Every structure is written in structure tokens, then in C-alpha cells.
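Asks: Quick one, what's the 3D model for this:
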Amino acid sequence: MPYKNLAVETLQKLLNDEIKVIQRRFLVQSKSFALMLEESIRKYHNRAIEAAQVVEELIRLAREMREAHRRGEKLGLAEEELAFYDALETNDSAVKVLGDNTLRTIARELVETVRHNLSIDWTVRESVKANLRRLVRRVLRQHGYPPDKQEKATQTVLEQMELFSEWSVKEPTSQPALEIVSIAEAQPYVTHLPVHSLKAAAGKFGDGQHVEEEGWVRVDGRKLDKEMFVAQVVGRSMEPRIPDGSYCIFRWYQGGTRQGKIVLTQYHGPADPDTGGSFTVKQYESDKFHNPDETWEHAKIALKPLNPAYQPIEIKPTDAESVKILAEFLEVLGST
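Replies: Below you'll find the predicted structure:
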């Protein structure tokens with residue numbers, strides 16, 4: 001353009017519009033780009049650089065913004081994980097020493113932990129926010145995140161969460177009725193999952209039950225596999241996330257972290273040697289301590305309800321081997 005000042009104004013408007021788009025999803029990234037744009041325009045208005053130079057700077061910024069969209073793919077992170085990755089101050093020298101692998105692991109665990117701990121009013125209830133802060137700090141500590149950086153990172157993660165409107169938890173509604181069919185009428189693990197007679201008590205450990213397949217139920221909108229099954233959750237302690245009587249999709253536990261996840265648990269206690277244990281659905285939390293020989297032991301295990309009217313189930317460290325994680329909760333399917 002012959003008039004460079006018009007080029008500057010046009011580029012500034014285009015970049016501002018793009019930053020507004022980024023701002024809807026990426027808190028840290030949008031702030032960084034906004035500061036870069038502001039700094040370039042400030043230098044231009046202060047006559048520190050000529051119009052042609054600021055045009056070059058703005059074009060470079062536009063290229064950086066375009067390249068930022070591809071970072072998630074390069075890092076192997078989903079959109080939400082990338083947003084939390086940025087919240088970890090990854091450019092800070094004290095944080096950088098953890099390495100990309102650890103930072104990616106932290107980002108993934110933060111997404112998983114936070115999503116499993118939201119309630120309907122999590123954006124306005126301070127008690128819920130306080131619990132989320134505690135869980136975020138725990139994840140950071142477990143991976144050796146610099147202590148003096150933890151508070152700021154925690155706050156940034158919580159601010160980032162509020163941009164993900166799809167994470168809002170809706171009020172429980174009546175679930176559509178499920179039609180349980182025989183295996184002859186089903187397409188196992190293609191369109192249907194098996195339903196077990198297990199009624200996992202969400203209020204307390206249920207009576208020991210013999211678990212058997214009672215039919216198949218159709219599941220739409222999700223890729224199925226042989227590690228999935230459906231079981232009914234009875235009780236109100238996991239409301240509003242899991243309404244009383246809901247049939248839920250679970251995945252058999254394959255190992256890995258259980259911290260902060262909603263899990264189907266079997267308790268092998270001395271009172272039920274014949275039945276093989278009792279069942280409950282709760283959120284799993286544990287504290288560990290490390291021994292001098294680099295082994296670790298449980299300091300505390302808690303199976304926590306989401307409904308504040310219920311108390312957590314505390315498991316003594318000496319009884320840790322009696323608690324078996326059977327499956328991870330995936331979603332509510334419906335009710336019969």
C-alpha cells in the first residue's frame with residue numbers, strides 16, 4: 001500500500017479481531033499476542049519505529065498467530081490440554097527444566113482432574129473453586145512444579161477453565177428409557193454394550209452381589225470397544241453428575257492414575273468372603289508418602305461423593321489392598 005499508515009491501521013484491526021477469536025479459548029496465548037500487538041503500536045505512535053517497520057512487525061505477529069494453531073498437533077495435545085499447557089508458564093526458566101514430556105503430562109492430568117470435579121455452579125461457588133484449587137495444586141506438586149510458581153499457575157488454570165463453556169455441568173434431567181435386548185438383537189461392541197446386573201451403590205458400599213450380564217443396550221454417538229460395559233448406579237451421593245438410578249457407561253480399569261477420577265470400586269472386606277466384595281461409585285483420592293528405599297505407601301484413601309450432603313468413605317492404609325478399582329465412569333446413559 002502506498003500509504004503505510006493505512007496498512008498499519010488495517011493490520012491492527014485484523015490482528016485485534018483474530019486475538020478476540022483466540023481469547024474465547026486460549027487465555028494465556030491471547031494475552032501474549034495482545035501485549036505484542038500493543039507494544040508494536042506503542043512504538044509506532046511514539047515514533048520509535050517507522051510505519052514500514054511496524055508493518056513488518058505486525059506481519060511477523062500474524063505469522064506467529066497462524067503457527068500457534070499448529071502447536072497442539074506438534075506437541076500431541078488436544079485443544080484443552082494445550083490451553084492448560086500454556087497456563088503452566090512453560091517459557092519460565094524454572095519451569096522449563098521439567099521438560100516437555102513432564103509439562104505435557106501435567107497438562108493432560110489437569111484437564112482430566114478438573115473435568116471430573118465440576119459441579120453445576122462451579123463458576124460461582126467458592127467452596128467448589130477452593131476444592132478445584134486444591135486438586136490443581138496437588139497435580140503440580142506431584143510432578144515437581146516449582147513451589148513459588150504454583151499459586152500463579154493454579155489461578156491461571158482456573159481462569160482458563162471458565163473459557164470452556166462446554167464444561168458446564170447441567171442440572172440433572174429425566175433420562176430417556178433404555179431398551180435392553182438380547183444378544184441376538186444386538187451388534188455387540190459396535191452399536192450395543194452389555195448391561196450387568198451389578199447395582200453400584202452411590203450412597204455406600206452396596207450388598208455383595210453376583211455380577212452377570214442381563215442384556216445389551218444401544219449406545220449412540222460413541223465409539224465402542226470390549227473394555228466398556230453398562231451398570232446401574234443407585235443412590236444420590238454422586239448427584240448432580242450421576243442421578244439416582246442412572247445406567248452409566250464404564251470402562252474396565254487398565255491401570256494409570258486414578259486420582260480425581262470417578263471410579264467403580266469393589267471392597268474385599270472380611271464381612272463378605274462369599275460374595276467377593278461390595279461395590280460403590282465414588283471419586284477416588286489418595287495421599288502417599290515415600291520411604292527411604294524409594295518405595296511408597298498410602299497415607300490415606302478417600303472415596304468421595306459429589307453431593308455435599310454425604311460423607312466420604314475413608315479407607316485405612318492397612319486396608320488399601322482390600323480396595324480394588326474395577327472401572328472408570330465415562331458418562332450417564334439413561335434409566336429404565
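
Asks: From here on, just use CA atoms for contacts and neighbour counts.
Replies: Fine.

Asks: domain ranges for the protein?
Replies: By the assignment in automatic domain parsing, the chain contains the domains 4-69, 73-167, 180-334.

Asks: okay if I get those domains as JSON lines plus mean neighbour count and mean pLDDT?
Replies: Putting the domains of the chain into JSON lines (neighbours: other C-alpha atoms under 10 Å; pLDDT from 0 to 100) gives the following:
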{"stretch": "domain 4-69", "mean neighbour count": "16", "mean pLDDT": "85"}
{"stretch": "domain 73-167", "mean neighbour count": "17", "mean pLDDT": "83"}
{"stretch": "domain 180-334", "mean neighbour count": "18", "mean pLDDT": "80"}
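
Asks: Quick one: distance of stretch 62-81 to the chain centre.
Replies: In this view, stretch 62-81 has its centroid 19 Å away from the chain centroid, taken as C-alpha atoms, centre = their mean, to the nearest Å.

Asks: Can I get it in PDB? Just the C-alpha atoms.
Replies: Output in PDB follows, covering the C-alpha atoms of stretch 62-81 (Å, rounded to 0.1, in the frame of the first residue of the first chain):
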ATOM      1  CA  ALA A  62       0.300 -12.600  12.200                       C
ATOM      2  CA  ARG A  63       2.600 -15.500  11.200                       C
ATOM      3  CA  GLU A  64       3.200 -16.400  14.800                       C
ATOM      4  CA  MET A  65      -0.500 -16.400  15.500                       C
ATOM      5  CA  ARG A  66      -1.100 -18.700  12.500                       C
ATOM      6  CA  GLU A  67       1.700 -21.000  13.600                       C
ATOM      7  CA  ALA A  68       0.200 -21.100  17.200                       C
ATOM      8  CA  HIS A  69      -2.800 -23.000  15.800                       C
ATOM      9  CA  ARG A  70      -0.500 -25.900  14.900                       C
ATOM     10  CA  ARG A  71       1.300 -26.200  18.200                       C
ATOM     11  CA  GLY A  72      -1.200 -28.600  19.700                       C
ATOM     12  CA  GLU A  73      -0.600 -31.100  16.900                       C
ATOM     13  CA  LYS A  74       3.200 -30.800  17.200                       C
ATOM     14  CA  LEU A  75       3.000 -31.300  21.000                       C
ATOM     15  CA  GLY A  76       0.500 -34.100  20.800                       C
ATOM     16  CA  LEU A  77      -2.100 -32.200  22.900                       C
ATOM     17  CA  ALA A  78      -5.800 -31.600  22.400                       C
ATOM     18  CA  GLU A  79      -7.100 -28.100  22.500                       C
ATOM     19  CA  GLU A  80      -8.000 -28.000  26.200                       C
ATOM     20  CA  GLU A  81      -4.600 -29.700  27.100                       C
END
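
Asks: any idea how far the residue lying closest to residue 258 once chain neighbours are set aside is from residue 144?
Replies: Setting aside the residues directly before and after it, residue 258 is nearest to residue 284 in space (C-alpha to C-alpha, 6 or more residues apart in numbering), at 6.4 Å. Counting by C-alpha to C-alpha, to the nearest Å, the separation of residue 284 from residue 144 is 22 Å.
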